[in-house]
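1. quick check, what structure comes out for this input:
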Amino acid sequence: EVQLVEFGGGEVRPGGSLTLSCTASGLVFADYAMGWFRQAPGKEREGISCIGSHSEQRRDYVESVKGRFTITRDNAKNTVHLQMSSLKPEDTAVYYCNTEVGFQHYWGPGTQVTVST
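-> Here you go, the predicted model:
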């Protein structure tokens, strides 16, 4: 069974940085694209970044995080990272890791990121 676990969330001041990580198991990690989503209180979950499989290392970002967030993957460690910098209060949300295997979406439990003074 595919399992995803995120870690690295926390509380940071505006302008600060955090790096989130997600470790996957139960799949041939390198074969699948990976994504990061977030859900702020009272809002719908939104996709913010994704990275292609080993065969296509394409990276995409939602406009609101371009230039501030960087997604990378380490296939040897079955891990995808999201480096976040210049954080803003509006980045406060629960961040989720995601992948799709055989038309089934898998999610981690999420990790909270809070940006506040």
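2. what sits against the residue nearest the centre of the chain?
-> With distances taken as CA atoms, centre = their mean, Trp36 lies nearest the centre of the chain, 2.9 Å away. Neighbour list for Trp36: 20, 22, 47-50, 71, 80, 82, 95-98 [criterion: CB atoms under 8 Å, 6 or more residues apart in numbering]. Quick note: C-beta positions are derived from backbone N, CA and C, even for glycine.
3. pLDDT score for it?
-> Here, the pLDDT recorded for Trp36 equals 98.
4. who wins for neighbours among the contacts of Trp36?
-> Per-residue neighbour counts (other CB atoms under 10 Å) across the contacts of Trp36 peak at Val80, which has 28 neighbours.
5. quick revisit: out of the contacts of Trp36, flag the one nearest to Gln112.
-> Proximity of those to Gln112, judged by CB to CB, is greatest for Tyr95, which lies at 7.7 Å.
6. next one: the closest one from Ala30, what distance?
-> Summarising the geometry, the distance separating Tyr95 from Ala30, computed by CB to CB, to the nearest Å, is 22 Å.
7. with Ser85 instead?
-> Taken as CB to CB, the span from Ser85 to Ala30 is 27 Å.
8. what's the answer for Gly110, then?
-> Plainly put, Gly110 is 24 Å away from Ala30 if you go by CB to CB.
9. neighbour count: those two, which is higher?
-> A direct count of neighbours by other CB under 10 Å for Gly110 and Ala30 places Gly110 higher, at 19 against 12.
10. residue contacts, that one?
-> If a contact means CB under 8 Å, 6+ apart, then Gly110 has Glu6, Gln39, Val94, Tyr95, Tyr96 as its contacts.
11. let's have the residues you listed in TSV, adding secondary structure and distance to His54.
-> Conversion of those to TSV gives the following (DSSP: H, G, I helix; E, B strand; the rest coil; distance: CB to CB, whole Å):
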residue	secondary structure	distance to His54
Glu6	strand	21
Gln39	strand	28
Val94	strand	28
Tyr95	strand	23
Tyr96	strand	22
